[in-house]
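Engineer: Starting from these lines, generate the structure:
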Amino acid sequence: MNQIMMMDVEQMSDCGDKGLVGLFHGYLKEGVSPFIENCLQQPLVLNIDGKMIPLVVNNGDSGGMYLSSPLIFYVDYNIDFVKTMRQKRIRYPLLVLLGGLKWLLTRFGINKVVYLNNNLLPNNPSLNLTDEQLQKVTARLTQDFPNHAICIKGIERFPTSNVLRLLARQIYIWRPEVLEEVGKKAVKIRSTLKADAKLLDQGKVTFEPFIQVDKQTAQQLRGFYRSVYVNKYSHLSADYSEKWFESLAIYCDSFKLLAVKQNGELSGFISYFETDDMIYSGLVGHDDHDGEKGIYRACIRQLVFLAQAGAKPLHLSSGVGEFKRRRGARAAMEYDHVLVEHLSPWRRLGWRLLGKLFNTLGAKVMTEMKV
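Structural biologist: Now for the predicted structure:
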């Protein structure tokens, strides 16, 4: 019989799990906002048969970041991206469409949602539950949260058909087999990777693991992160605090943080985590705003080296699609699965509208724009 329980702070301490879910130990103890400053949503940890799964509960707040708000994820964050598009004939219609969609989804109460397997990181690992466990967990959640949609991350399929399969984003996966391919395209990929590797071979960029992060270093890391995600892309990115970087060594030893150095000076960081079947890129930050130092190139090459050594695929998240394609990464669509059948017809209509729009037009835009 499946045993399901919600964990409290004491139970999290007793279990000593220092995987990704270990980050939620701090969130349960102090709330999320001391660690992620623009996240005010409720963290929970569910235990089923000894497996710890992170939950994030949004009670309808707009919030301040895309990882805990469907409205921000699907509308506001995309508005920020569309504003950067140069093609006016595409930009203006999309802004009008997204503005109208935001108005509608707000009235449909789209933000009232419980996320299952949301680690409050850009990339989430696969949710390794059996069909029976998944059905038991979702039944528990619909019972505990009858007015919330249940959004499941990290599954390929749901055991039954009464679920909305909703396009989330276009991601890029790099596989070691690409190095064995033949043809002009394969030659170009190997040539590009070789050029990137020179930055490491010549010692221009080096990587060192952080054993512990003190307050001064945490300030630097946060600055590097914000210069890439918040200042360059969107203020709706997760705003990880200095405390978040300091707490990694305390709560989570599976999220690997590497210092990026040039001439012995700290110039940025990369991070990743690993499961049995995949390496996932984490956060990245640096001071190479115009790309002249080649830090981002070196960071991606370092992750590719790790994937080669581990003979595992590398999840490179979304964005900068052309850059990743030139290095052999292949695009794939990532889907969330949303349970809405327990909601009112009005609330279901909002989610179905969102699904219809993003699974068709959204997929077309992502594919053609190579985002």
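
Engineer: Once you drop chain neighbours, what's closest to residue 283?
Structural biologist: Distances taken as Cβ to Cβ, 6 or more residues apart in numbering put residue 271 closest to residue 283, at 5.0 Å, once the chain neighbours are dropped. All C-beta spots, glycine's among them, are computed from the backbone N, C-alpha and C.

Engineer: Distance of the one you found relative to residue 331?
Structural biologist: Taking Cβ to Cβ, to the nearest Å as the measure, residue 271 falls 23 Å from residue 331.

Engineer: how about stretch 170-181: buried residues?
Structural biologist: Residues of stretch 170-181 classed as buried: 170, 171, 172, 173, 174, 175, 176, 178 (neighbour count, 16 or more other Cβ atoms under 10 Å).

Engineer: my guess is the last one is in a helix, correct?
Structural biologist: Yes: per DSSP: H, G, I helix; E, B strand; the rest coil, residue 178 lies within a helix segment.

Engineer: OK, contacts around it?
Structural biologist: Listed by Cβ atoms under 8 Å, 6 or more residues apart in numbering, the contact partners of residue 178 are 186, 189, 328, 330.

Engineer: 10 Å instead?
Structural biologist: 185, 186, 189, 190, 193, 304, 327, 328, 329, 330 (Cβ atoms under 10 Å, 6 or more residues apart in numbering).

Engineer: which of these count as buried?
Structural biologist: Looks like those have 189, 190, 193, 304, 327, 328, 329 buried, using 16+ other Cβ under 10 Å.

Engineer: contacting residues around the last one?
Structural biologist: This points to residue 329. 171-175, 178, 189, 300, 304, 313-316, 321, 323.

Engineer: what's it sitting at in phi/psi?
Structural biologist: Residue 329 adopts backbone torsions of phi -70, psi 150, taken as degrees, to the nearest 10.

Engineer: Quick one, grab the pLDDT at it.
Structural biologist: Per-residue pLDDT puts residue 329 at 97.

Engineer: ok, now residue 1?
Structural biologist: For residue 1, the predicted pLDDT is 56.

Engineer: all strands of the stretch 101-250 of the chain, in order?
Structural biologist: For the stretch 101-250 of the chain, the strands defined by DSSP state E, counting those that start in this stretch occupy 112-116, 149-152, 164-174, 206-209.

Engineer: if I pick residue 297, what's in contact with it?
Structural biologist: 192-193, 195-200, 205, 288, 291, 323, 327.

Engineer: Recalculate using a threshold of 8 Å.
Structural biologist: Residues near residue 297 by Cβ under 8 Å, 6+ apart: 196, 199, 291.

Engineer: burial count for the second one?
Structural biologist: By the criterion of other Cβ atoms under 10 Å, residue 199 has 20 neighbours.

Engineer: Buried ones in stretch 13-30, by neighbour count?
Structural biologist: 15, 17-28.

Engineer: Show me which of these is closest to residue 111.
Structural biologist: Residue 111 has its nearest neighbour among the buried residues of stretch 13-30 in residue 27, at 19.2 Å by Cβ to Cβ.

Engineer: partners of the nearest residue to residue 358 once chain neighbours are set aside in the sheet?
Structural biologist: Excluding its sequence neighbours, the residue lying closest to residue 358 (Cβ to Cβ, 6+ apart) is residue 167, at 4.7 Å. Going by DSSP bridges, residue 167 is paired in beta bridges with residue 335.

Engineer: which residues touch residue 167?
Structural biologist: 333, 334, 335, 355, 358, 359, 362, 363, 366.

Engineer: do residue 281 as well
Structural biologist: 123, 270, 271, 272, 303, 314, 315, 316, 317.

Engineer: Among those residues, which lie within helices?
Structural biologist: Taking DSSP state H, the ones among the contacts of residue 281 that sit in helices are residue 303.

Engineer: any chance of the contacts of residue 281 in a markdown table, with neighbour count too?
Structural biologist: Formatted as a markdown table, the contacts of residue 281 follow (neighbours: other Cβ atoms under 10 Å):
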| residue | neighbour count |
| --- | --- |
| 123 | 20 |
| 270 | 24 |
| 271 | 22 |
| 272 | 22 |
| 303 | 24 |
| 314 | 26 |
| 315 | 26 |
| 316 | 25 |
| 317 | 19 |
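
Engineer: Save the contacts of residue 281 as CSV, and put in pLDDT too.
Structural biologist: Below are the contacts of residue 281 laid out as CSV (pLDDT from 0 to 100):
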residue, pLDDT
123, 97
270, 97
271, 97
272, 97
303, 97
314, 98
315, 98
316, 97
317, 96
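
Engineer: Find the nearest non-adjacent residue to residue 370, please.
Structural biologist: Among residues not flanking residue 370 along the chain, residue 321 sits closest, at 4.0 Å (Cβ to Cβ, 6+ apart).

Engineer: So what's the residue count around that neighbour?
Structural biologist: 19.

Engineer: For it, give me the pLDDT.
Structural biologist: 92.

Engineer: Next, it: phi, psi?
Structural biologist: According to degrees, to the nearest 10, residue 321 has phi -60, psi -40.

Engineer: can you list the domains in this structure?
Structural biologist: 4-168+335-369, 173-331 (automatic domain parsing).
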